[in-house]
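>>> My questions are about this predicted structure, shown below with the sequence.
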Amino acid sequence: MSQTMGDIQPQETFCQPPEPILSDRVKDNLQPSKLGDLRAYCYYKQYDPKTKPDGIVALAIAENKLMRDEITKHINDNFQITPWHLTYGEGPVGTAALRKELTSYVNDAFKPYIPVKDDHFCMCNGAGNAVHNLAFCVGEPGDGILLSKPLYTGFFSDLEAGAKIKVVQVPMGGVDPVSPRAADKFEEALLESERAGTRIRAILIPNPHNPLGRPYDEKALIPFLRLCSKYNIHLISDEVYAQSWFPSDDFQELPPFKSILSLDLKEHINPALVHVIYAMSKDFCANGIRIGCLISPFNPDMISAFKSITGFTRPSQLAEEVWLNLLKDKRYLESYFPELRERMADSYAYTTRRLREYDIPYSAASFSPCVWIDLSRYLDDDSEEAELALAWRLVKAKVWLAMGAIFGSEKHGNYRITFATPRQELALGLDRMFEVLDGIRKP
Ligand SMILES: Cc1ncc(COP(=O)(O)O)c(C=O)c1O
């Protein structure tokens, strides 16, 4: 043994790894990206009133920060780690107690046409991981899933990084993505994609929509069901913002949330093709806890398939316990959601009033913590480079907005602002943004 050890070369010779050391699969994920650089620059420099007062105000991440103190208090008041939490518990599918509470919560909030049961759920560590796992279950590497532009940017890595399913972006050409005509655009894209050799396995819709902050109504959902039925493909409805609605002065009548499960699916499609994703992250202001689930009420094979890989993305016992404690505290939730909505409404009204003062167009929203704005008149020219340059200019002035290009926006100059941010931080971020815009030109 010692002789063999003696044969080992000095440490330095190991510094240059031989090629190829990484799989081609993962090398794809390492492509440098100018858009990714901005995010990497900002991540570790984020503003915090106590620990980093001179940091960058992050209005780029879909993180609802308005009820963080209340959720933190609920967790601390109700949670104590026990030796049980140090075990594998009841396995990766999730504890029976959590799935039972989720069943009652979903039946109440999503109003499914046929009530869901606890064996229709499989847990995982967040909605993004549910998308990743489902992608793995519905297609082969190189197959595609259709999503309309603009799309939540995380879907790119959720679908492509592991399962290697292509995001096939559907240009909407002015058609509202949450309108009944949207499905026609999807059909055009499906045919085009299949002609080009990419087999389409599913349509993924975020309902309510991120980044537009509006829900799909029944008239918009039914054409998607029929389209998926026609081509025998899955419909995945990501409903993480189901409860994140707020009274918005931009709507005379608030558009209600309509879960895909609330429709009589069998009138339009084989229900086994329909799946829903939900998570704690958004409605409970807790992105960092990392827990979510698949709900697939009519497809036990899909639940089994998802289960077969969910061990790699299971939530911790601690996360399960935290969500369970909240879900079963129905009295707490009765006051939590109205308070969340009141704060969101107030923050949205404040943000949009300031946008209107500057004549900045925005897409009226009544769901999600974000608002989609149009700063195109502040770009040097109509290009992605100009959009990126403005994003950097804002970041150098210490405010970070999510730029439209990362959402596949069809127009240059869109940005997304997370208005569900504590007032002092939000005001500081907007002040910094307007100062930069003032310095560019007064159109
Ligand atoms: C539509 C949508 N789905 C999924 C996610 C990711 O959620 P999670 O943090 O639970 O993985 C986000 C986060 O912004 C989102 O907006």
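That came in fine, so what should we check first?
>>> Contacts for stretch 336-355 next, please.
64, 66-67, 70, 243-250, 283, 285, 362, 365, 369, 371, 373, 417, 419-421, 423, 426-427, 430, 434 (Cβ atoms under 8 Å, 6 or more residues apart in numbering). C-beta here means a position set from N, CA and C on the backbone, and glycine is covered the same way.
>>> Buried ones from the residues you listed, can you make that a PyMOL selection?
Selecting only the buried entries of those in PyMOL, with 16 or more other Cβ atoms under 10 Å as the criterion:
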select buried, resi 64+66+67+70+243+244+245+246+248+283+285+362+365+369+371+373+417+419+420+421+426+430+434
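>>> mind listing which of the contacts of stretch 336-355 are in helices?
70, 423, 426, 427, 430, 434 (DSSP state H).
>>> I'd like these laid out as TSV, including pLDDT.
Formatted as TSV, the ones in helices among the contacts of stretch 336-355 follow (pLDDT from 0 to 100):
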residue	pLDDT
70	98
423	98
426	98
427	98
430	98
434	98
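>>> Count the neighbours of residue 438 for me.
10 (other Cβ atoms under 10 Å).
>>> hang on, the earlier thing: closest one of the ones in helices among the contacts of stretch 336-355 to the ligand?
residue 426 (18.0 Å; Cβ to the nearest ligand atom).
>>> Kindly provide the distance from the closest one to residue 436.
Residue 426 is 16 Å from residue 436, where distance means Cβ to Cβ, to the nearest Å.
>>> now do residue 316
41 Å.
>>> do the same with residue 330
46 Å.
>>> Looking at those two, which has the bigger crowd around it?
Neighbours per residue (other Cβ under 10 Å) separate residue 330 from residue 436, with residue 436 holding more: 18 against 12.
>>> Could I get the contacting residues of the closest residue to the more buried one other than its chain neighbours?
Nearest non-adjacent residue to residue 436, counting by Cβ to Cβ, 6 or more residues apart in numbering: residue 397, 4.8 Å away. With contacts defined as Cβ under 8 Å, 6+ apart, the neighbours of residue 397 are 432, 433, 435, 436.
>>> switch to 10 Å and redo it
By Cβ atoms under 10 Å, 6 or more residues apart in numbering, the residues touching residue 397 are 56, 57, 429, 431, 432, 433, 435, 436, 437, 439.
>>> ok, what's across the strand from the first one?
In this case it means residue 56. Residue 56 forms beta bridges with residue 46, as assigned by DSSP bridges.
>>> Would you confirm that it contacts residue 45?
Yes - with contact defined as Cβ atoms under 10 Å, residue 56 reaches residue 45; the gap is 4.9 Å.
>>> Mind listing the shared neighbours of these two?
Both residue 56 and residue 45 are contacted by 395, 398, 400, under the criterion Cβ under 10 Å, 6+ apart.
>>> most neighbours, which of these?
That'd be residue 400 among the shared contacts of residue 56 and residue 45, by other Cβ under 10 Å, with 29 neighbours.
>>> so what pLDDT did it get?
At residue 400, the model reports a pLDDT of 98.
>>> One more: the one 4 residues further on?
Confidence at residue 404, expressed as pLDDT, is 97.
>>> what number of residues lie near it?
Quick note: residue 404 (other Cβ under 10 Å) scores 27 neighbours.
>>> That one reaches residue 363, doesn't it?
No - with contact defined as Cβ under 10 Å, residue 404 and residue 363 do not form a contacting pair (11.3 Å).
>>> what touches both of those two?
150, 211, 372, 373, 374, 414, 416.
>>> Compare those residues and tell me which has the most neighbours.
Neighbour-wise, the shared contacts of residue 404 and residue 363 (other Cβ under 10 Å) top out at residue 416, 30 neighbours.
>>> isn't that residue right next to residue 209, touching?
No - taking contacts as Cβ under 10 Å, residue 416 lies outside contact range of residue 209: 11.7 Å.
>>> Name the residues contacting each of those two.
With Cβ under 10 Å, 6+ apart, residue 416 and residue 209 have common neighbours 150, 152, 363, 368, 372.
>>> Just those: which are in strands?
Using DSSP state E to define strands, the subset of those located there is residue 372.
>>> Determine which two of the shared contacts of residue 416 and residue 209 are furthest apart.
152 and 363 (14.4 Å; Cβ to Cβ).
>>> Pick out whichever of the two has more residues nearby.
Remark: of residue 152 and residue 363, residue 152 carries more neighbours, 25 against 19, as counted by other Cβ under 10 Å.
>>> how close does the more buried one get to residue 303?
From residue 152 over to residue 303 (counting by Cβ to Cβ), the distance is 24 Å.
>>> Ok, residue 212 next?
31 Å.
>>> Equivalent analysis for residue 401, please.
39 Å.
>>> Around the ligand, pick out the residues from the stretch 101-250 of the chain.
126, 127, 128, 152, 154, 206, 210, 238, 240 (Cβ under 6 Å from any ligand atom).
>>> From what I see, the third one and residue 206 are in contact.
The reference is to residue 128. No - contact criterion Cβ under 10 Å: residue 128 and residue 206 do not qualify, at 11.7 Å.
>>> all strands in the stretch 1-150 of the chain, in order from the N-terminus.
57-58, 121-124, 144-148 (DSSP state E, counting those that start in this stretch).
>>> Domain ranges for this structure, per the record?
Using automatic domain parsing, the domains assigned to the chain come out as 25-69+333-440, 88-329.
>>> Quick check: which of these is buried the most?
Comparing the domains of the chain by mean neighbour count (mean count of other Cβ atoms under 10 Å), domain 88-329 ranks first with a mean of 20.
>>> one step back: adding distance to residue 77, write the domains of the chain out as JSON lines.
Shown next, in JSON lines, are the domains of the chain (distance: least, Cβ to Cβ, whole Å):
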{"stretch": "domain 25-69+333-440", "distance to residue 77": "12"}
{"stretch": "domain 88-329", "distance to residue 77": "9"}
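>>> So for stretch 248-258, first residue to last residue, what's the gap.
By Cα to Cα, to the nearest Å, the extent of stretch 248-258 from end to end equals 17 Å.
>>> chain center to that stretch: distance?
21 Å (Cα atoms, centre = their mean, to the nearest Å).
>>> which residues touch that stretch?
By Cβ under 10 Å, 6+ apart, stretch 248-258 touches 109-111, 178, 207-208, 213-221, 239, 241-247, 262, 344-345, 348-349, 352-353, 362-367, 371.
>>> So which residues of the stretch 1-150 of the chain form helices?
2-7, 24-27, 34-43, 68-78, 96-109, 127-138 (DSSP state H, counting those that start in this stretch).
>>> who wins for proximity to residue 174 among the ones you listed?
Of the helices of the stretch 1-150 of the chain, nearest to residue 174 by Cβ to Cβ is helix 34-43, at 24.4 Å.
>>> Would you mind measuring from residue 193 to residue 412?
Counting by Cβ to Cβ - residue 193 and residue 412 are separated by 25 Å.
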